[in-house]
Structure formats: C-alpha cells, structure tokens
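**Q** A predicted structure for the sequence below; I have some questions about it.
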Amino acid sequence: MRAVVMEEFGGPEVLRIHQVEDPVPGPGQVLVAVAYASITFVETQVRSGDGPFGRPELPRVPGNGVGGRIVAAGPDVDPALLGTVVVATTGGQGGYAELALARVEDAVPVPAGLELRDAVALLADGRTALLLHRQAEIKPGDRVLVEAAGGGVGSLLVQLAAAADAHVIGAARGTGKAELVTSLGAASYVDYSRPDWLDRVMAATGGVGLDLVFDGVGGRIGTQAIGALREGGRVSIYGMASGADAELDEARSIEVIGLTAAPSPAQTRALIVDALNLAAEGKLRPIIGQTFPLESAAAAHRAIESRTTTGKTLLRG
C-alpha cells in the first residue's frame with residue numbers, strides 16, 4: 001500500500017510517500033480502507049520535532065484519525081463488522097495511508113445521513129469542542145470569545161456557544177474568515193492581527209468585558225484575550241497553537257476550566273458518538289476548508305502552518 005512515511009523531524013518536506021507492506025489486523029483490531037485521514041495542528045508540531053509529548057520514535061506513518069470501510073478483522077473480532085463504514089482513532093500513528101489499523105473499540109460507525117468526510121472532520125475536533133463546551137457550562141447571554149474561530153475546533157465552538165444563546169465574538173487572523181464565522185452564529189468577528197483588536201472585543205461586549213474565553217492559541221493572543229475577561233470570568237485553555245502558553249494574572253479573580261484529566265476511552269467514544277449524531281441531525285456543521293490527496297501531505301501541513309486555512313484539513317486516501 002501507499003503511505004506517508006516520516007523518517008526524520010523537520011519541515012513538511014520530510015513527509016514522503018512510500019510503498020510499504022499492508023498491515024495485518026491482530027487480536028482486537030480492524031483494518032480500515034482509508035477514504036479520508038484527519039490532520040491536526042498537533043501533528044504539524046510532532047513532525048517538526050516540537051510536539052507537546054516529546055519526540056516519537058522514527059520512522060513512522062503519521063495520522064491519528066481515519067474514516068473508511070472495515071476490510072479485515074482480527075481473529076477474535078466479530079466478522080459481521082466487515083464492510084461497516086467507520087471513523088476510528090489509530091493510536092497516534094498510521095493514519096496517512098491507504099490502509100490503517102485500529103482497535104475495534106476505537107472504530108465508531110458513521111450514522112445514516114452523515115457524509116464520511118464530515119464524520120472524519122468531527123472525529124478529533126468534534127469530541128474536543130463538545131467536551132470544552134460541556135465543561136464551560138455556558139449560560140444564555142454569556143459574552144464568549146472564541147479564538148481561531150475559523151479553524152476546526154473553533155468553528156464548532158462558535159456553533160455550540162451560539163446554540164446555547166451566548167453572545168459570541170469570533171476572533172481569528174485576517175479578514176477573510178469573517179463571513180464564515182458570523183454565518184456560524186457569531187454576533188461579531190474580530191481580526192486579532194489588528195493592533196486595536198482588544199478594543200474591538202471590549203466594544204462588542206458593551207464595555208463590560210468577557211464572561212468566557214476559549215483559548216486554543218496561547219501566547220500573546222491568549223494572554224491579551226484573558227485580559228479582556230471581567231472579574232469572575234472563565235477561560236477554557238485547550239491548546240497553544242502559537243507555541244507558547246498564555247499568561248495568567250494571579251492577582252485577578254479568573255476561573256480556569258478545561259484543564260481536567262483526559263477523558264477515559266469510553267468517555268471519548270461517547271463524545272465522538274454525540275458529535276456525529278448532532279451533525280447527522282443538522283445541529284452541528286463541520287467546516288472542511290481543504291482536502292489534499294495522500295501524496296500531498298507535505299502541502300497539507302504547509303497550508304496549515306501558513307495560518308491561512310479555514311476549518312478542517314483532510315487527506316484523501
């Protein structure tokens with residue numbers, strides 16, 4: 001089969017297509033014919049050697065999320081699963097390929113009425129956004145700032161917060177994402193590449209300040225956004241796309257949420273199922289900004305790192 005193999009850390013050019021042996025499912029595993037593979041920003045950090053969990057062993061096939069049809073199963077797996085269309089996590093690697101192994105408990109059937117590519121777009125981002133949304137316990141009228149609002153997780157958080165009757169302010173870099181973000185339910189959009197972006201955020205709150213910040217960027221942007229919180233406000237910290245953590249002013253009365261222990265495998269599966277069902281019911285819309293063929297994985301990573309992409313980026317198997 002064809003697979004993207006990473007033999008060294010570095011720029012996107014280290015992602016090269018190779019012919020490798022087909023994987024064979026062992027006990028408790030299924031083999032998925034990959035139609036789409038998910039790409040996350042963290043995977044670009046891992047590729048560069050700066051991932052949040054250290055450097056993995058090489059060589060490796062990147063990719064932790066796929067969607068496709070089960071074409072083989074391990075000796076102890078119910079053969080009735082053959083032919084089932086699923087999304088699945090792969091244990092951290094193996095997704096950028098024509099065939100990928102997954103534990104049977106990590107394969108979630110795609111509900112009727114939901115396109116497979118949409119299901120793949122929700123596999124990582126949907127469970128993350130839904131978990132963050134539930135932890136935040138948004139109340140009607142809350143003034144909520146969503147950073148990276150045009151991205152995979154951010155675009156879902158905008159929808160979820162708007163559905164909870166919050167006053168949502170979407171923030172991202174550049175003006176090109178404004179129409180998308182407001183179409184998802186944001187009351188206003190702020191370009192945080194502008195020097196006066198915080199003034200615009202405060203104006204959008206009526207000068208009161210924010211009740212909640214979803215911070216997936218960190219660094220200067222996250223620090224500034226947290227500074228716009230009212231006393232007693234909350235910040236949900238879930239990422240550091242900037243490469244640095246946001247700074248917290250310990251003298252202020254700010255509640256930090258979202259830094260709880262990782263959900264259990266059963267909880268993770270339940271979040272994925274819920275996200276897929278919400279999408280199948282038309283209550284959550286994943287935004288797929290761009291899709292690349294498998295052999296263009298390097299171009300896909302390059303596009304993500306340019307910060308010009310919108311929504312989710314997928315590889316097509």
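**A** Good, I have the coordinates.
**Q** going forward, measure contacts and count neighbours with C-alpha atoms only.
**A** OK.
**Q** can you give me the helices for this protein?
**A** For the chain, the helices identified by DSSP state H occupy 41-48, 116-136, 152-163, 178-183, 197-204, 219-227, 265-280, 297-305, in order along the chain.
**Q** What is the fifth one packed up against?
**A** What it means is helix 197-204. For helix 197-204, the contact count by 3 or more CA pairs under 8 Å, 6 or more residues apart in numbering; DSSP states H and E identifies strand 188-191 as packing neighbours.
**Q** Would you tell me which one of the helices of the chain is buried the most?
**A** helix 152-163 (a mean of 26; mean count of other CA atoms under 10 Å).
**Q** and that helix, how far out from the chain's middle?
**A** A distance of 12 Å separates the centroid of the chain from that of helix 152-163, by CA atoms, centre = their mean, to the nearest Å.
**Q** relative to helix 116-136, how tilted is it?
**A** Between helix 152-163 and helix 116-136, the angle comes out at 60 degrees (axes from the mean of the first three to the mean of the last three CA atoms, to 10 degrees).
**Q** rewinding a little: the helices of the chain into JSON lines, with extra columns for mean pLDDT?
**A** Compiled in JSON lines, the helices of the chain are given as follows (pLDDT from 0 to 100):
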{"stretch": "helix 41-48", "mean pLDDT": "93"}
{"stretch": "helix 116-136", "mean pLDDT": "96"}
{"stretch": "helix 152-163", "mean pLDDT": "97"}
{"stretch": "helix 178-183", "mean pLDDT": "96"}
{"stretch": "helix 197-204", "mean pLDDT": "96"}
{"stretch": "helix 219-227", "mean pLDDT": "94"}
{"stretch": "helix 265-280", "mean pLDDT": "96"}
{"stretch": "helix 297-305", "mean pLDDT": "96"}
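**Q** Reformat these as CSV; add distance to residue 8.
**A** Shown next, in CSV, are the helices of the chain (distance: least, CA to CA, whole Å):
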stretch, distance to residue 8
helix 41-48, 8
helix 116-136, 25
helix 152-163, 27
helix 178-183, 37
helix 197-204, 39
helix 219-227, 28
helix 265-280, 30
helix 297-305, 13
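**Q** Could you report the neighbour count for residue 139?
**A** Here the number of neighbours of residue 139 (other CA atoms under 10 Å) works out to 13.
**Q** ok, it touching residue 163?
**A** No: the pair formed by residue 139 and residue 163 falls short of the contact definition of CA atoms under 8 Å, at 10.6 Å.
**Q** residues in contact with stretch 33-52?
**A** Outside of stretch 33-52, the residues that reach it under the criterion CA atoms under 8 Å, 6 or more residues apart in numbering are 6, 9-12, 54-56, 62-71, 95-100, 116-117, 120-121, 123-124, 241, 301, 304-305, 312-317.
**Q** Send me it as PDB with only the CA atoms.
**A** Output for stretch 33-52, consisting of C-alpha atoms alone and laid out as PDB, is shown next (Å, rounded to 0.1, in the frame of the first residue of the first chain):
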ATOM      1  CA  ALA A  33      -9.500   1.100   3.900                       C
ATOM      2  CA  VAL A  34      -8.900   4.800   4.400                       C
ATOM      3  CA  ALA A  35     -11.100   7.200   2.400                       C
ATOM      4  CA  TYR A  36     -10.100  10.300   4.400                       C
ATOM      5  CA  ALA A  37      -7.500  10.900   7.100                       C
ATOM      6  CA  SER A  38      -7.700  13.800   9.600                       C
ATOM      7  CA  ILE A  39      -4.800  16.300  10.000                       C
ATOM      8  CA  THR A  40      -4.500  18.100  13.300                       C
ATOM      9  CA  PHE A  41      -2.200  21.100  14.100                       C
ATOM     10  CA  VAL A  42      -0.500  19.000  16.800                       C
ATOM     11  CA  GLU A  43       0.600  16.600  14.000                       C
ATOM     12  CA  THR A  44       2.500  19.500  12.400                       C
ATOM     13  CA  GLN A  45       4.200  20.200  15.700                       C
ATOM     14  CA  VAL A  46       5.100  16.500  16.100                       C
ATOM     15  CA  ARG A  47       6.500  16.400  12.600                       C
ATOM     16  CA  SER A  48       8.800  19.400  13.300                       C
ATOM     17  CA  GLY A  49      10.100  17.800  16.500                       C
ATOM     18  CA  ASP A  50       8.300  20.200  18.800                       C
ATOM     19  CA  GLY A  51       5.300  18.200  19.700                       C
ATOM     20  CA  PRO A  52       3.700  18.600  23.200                       C
END
